[in-house]
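Undergrad: Model the structure of this input:
(2 chains, ligands or ions: 2)
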Protein chains: 2
Amino acid sequence: MADAGRDIEALIEMMARLPGLGPRSARRAVLHLIKKRAVLLMPLADRMHAVAASVRECTVCGNIGTGDICDICADARRTTGEICVVEDVADLWAMERGQAFKGRYHVLGGTLSALESVGPEELRIPQLIARVRDEAIGEIILALNATVDGQTTAHYIADELEGTGVRVTSLAQGVPIGGELDYLDDGTISAALKARKGL
Amino acid sequence: MADAGRDIEALIEMMARLPGLGPRSARRAVLHLIKKRAVLLMPLADRMHAVAASVRECTVCGNIGTGDICDICADARRTTGEICVVEDVADLWAMERGQAFKGRYHVLGGTLSALESVGPEELRIPQLIARVRDEAIGEIILALNATVDGQTTAHYIADELEGTGVRVTSLAQGVPIGGELDYLDDGTISAALKARKGL
Ligand SMILES: [Zn+2]
Ligand SMILES: [Zn+2]
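TA: Ligands and ions are numbered 1, 2, ... in the order given. Below is the predicted model:
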């Protein structure tokens, strides 16, 4: 596209690399933004700058937010003593949409994987063990994806916590085999949480 | 999502309004951008600002570019005397990907529509008539979508140009009924251009 100017081409290429967008939808999105550049493109760029400048990982749970401690960890109305362990922030958001869990979270940042040589140290698992030791935790709810790596990670964490006296449970009914939390409807997640069982 | 901070929520909402993205893919895209904020989010925001600041409509043809005259109108290697009329910049890009047309363009900015009360004055049709009068134009190729409004617009333009001596043609074979140019593969567009017929 010699016509579009180098900045426009570069913008389309960057947008095309986002998950969910391909070259065609990136072109349409950029054209849409350009047509409404005063009310859409400029505000979107401003907002991206604001987020890039302010966003950081919560030092307690690994969730993203705009302070050292995320909104959930800082919320005094959330139940203490219960930690829901998720792989990713997207899964935390999915749990929150389910509106069934009132405790705090711990974001692992992935799953154990022999294939991709991801060990416990890469995953914030040591930080989880430390929280169980330091905070008065009664229950750890493992809300990991029903994949092989997700379940391997769940069993590893359950083993590590054995003897600490903490109750370790996992989401049970309603999560289909091979299913990923972020793709489930909100009701399924609530049902799975209510029917959680001991590991 | 009380957890994500107001800027992140606002960013997701803005992204979700882009064509081709819904709430779910917007969440995934924003999370992806945040995880790689130094190498993805910040550069994307910078690029959007650059485009928003520099982009403008070509005063000759209505294409977008970064100067008063777009790259195509300014390109001395493009054939003069032939204008390809398109509804939208997306259609111009689709024509360029077909690599079969070597002339200049005229972007109408839509189609005539009784329903949405879009008349010739809203569409850069007067500017097209003026170009035919002022430039030495031998042929006008109407590359409009094969929709009712697209074809109404084609016939209106053909009528307006009657008696000017200019040859008016339209894309023919290969454009399916009801089809939109931007969704066609590049080969179909080339074939339709080569088999164009007089109106
Ligand atoms: Zn936190
Ligand atoms: Zn131009």
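Undergrad: Quick check: the gap between the residue nearest the centre of chain A and A:Cys61.
TA: Most central residue of chain A, judged by C-alpha distance to the mean C-alpha position with C-alpha atoms, centre = their mean, is A:Val89 at 1.5 Å. From A:Val89 across to A:Cys61, the span is 10 Å (C-beta to C-beta, to the nearest Å). All C-beta spots, glycine's among them, are computed from the backbone N, C-alpha and C.
Undergrad: Ok, A:Gly109 next?
TA: When distance is defined by C-beta to C-beta, A:Gly109 is 11 Å away from A:Cys61.
Undergrad: ok, the two, which is more surrounded?
TA: A:Cys61 (27 against 17; other C-beta atoms under 10 Å in any protein chain shown).
Undergrad: and that one, which of the three is it?
TA: Three-state call for A:Cys61 (DSSP: H, G, I helix; E, B strand; the rest coil): coil.
Undergrad: again, but for A:Asp68
TA: coil.
Undergrad: Measure how buried the nearest residue to it once chain neighbours are set aside is and give me the count.
TA: In this structure, A:Asp68 finds its nearest non-sequential neighbour in A:Thr59, 5.3 Å apart by C-beta to C-beta, 6 or more residues apart in numbering or on different chains. Using other C-beta under 10 Å, A:Thr59 has 12 neighbouring residues.
Undergrad: what do you get for A:Asp46?
TA: 15.
Undergrad: and it, what does it touch?
TA: B:Ala45 (C-beta atoms under 8 Å, 6 or more residues apart in numbering or on different chains).
Undergrad: so which strand or helix has it?
TA: Using DSSP states H and E, the element containing A:Asp46 is helix A:42-54.
Undergrad: Would you verify that A:Cys84 is located in a strand?
TA: Yes. Secondary structure of A:Cys84 (three-state DSSP): part of a strand.
Undergrad: Sheet-wise, list the partners of the following helix or strand past the helix holding A:Asp46 with their directions.
TA: Later in the chain than helix A:42-54, the nearest helix or strand by DSSP H and E is strand A:56-57. When pairs are called by DSSP bridges, strand A:56-57 turns out to pair with strand A:64-65 (antiparallel).
Undergrad: before we move on, the earlier item: can you pull the phi/psi pair for the residue nearest to A:Asp68?
TA: For A:Thr59, the backbone dihedrals are phi -70, psi -20 (criterion: degrees, to the nearest 10).
Undergrad: Find me the pLDDT at it, would you?
TA: Confidence at A:Thr59, expressed as pLDDT, is 95.
Undergrad: Break chain A into its domains for me.
TA: As assigned by automatic domain parsing, chain A contains the domains A:2-54, A:77-170.
Undergrad: Can you confirm whether the last one lies near ligand 1?
TA: Okay, so that is domain A:77-170. No. Domain A:77-170 is not in contact with ligand 1 by C-beta under 5 Å from the ion; minimum separation 6.6 Å.
Undergrad: How far does that domain sit from its chain's centre?
TA: Centroid separation between domain A:77-170 and its chain, computed with C-alpha atoms, centre = their mean, to the nearest Å, is 11 Å.
Undergrad: how many other residues sit next to A:Ala53?
TA: Using other C-beta under 10 Å as the criterion, the residues surrounding A:Ala53 number 14.
Undergrad: sorry, that was for A:Pro43
TA: 16.
Undergrad: In contact with it, which residues?
TA: B:Met14.
Undergrad: Low-confidence ranges, chain A, go.
TA: A:1-4, A:172-179, A:181, A:185, A:187-188, A:191, A:195, A:197-199 (pLDDT under 70).
Undergrad: now the strands for it?
TA: In chain A, the segments counted as strands under DSSP state E are A:56-57, A:64-65, A:82-86, A:104-107, A:139-142, A:167-170, A:197-198.
Undergrad: what residues are up against A:Thr152?
TA: A:111-112.
Undergrad: Distance check, it against B:Thr152.
TA: 62 Å.
Undergrad: With A:Val132 instead?
TA: From A:Val132 to B:Thr152 the distance is 70 Å (C-beta to C-beta).
Undergrad: now do A:Thr66
TA: Counting by C-beta to C-beta, the gap from A:Thr66 to B:Thr152 is 52 Å.
Undergrad: Can you mark which positions in stretch A:66-80 are buried?
TA: A:66, A:70-73, A:78 (16 or more other C-beta atoms under 10 Å in any protein chain shown).
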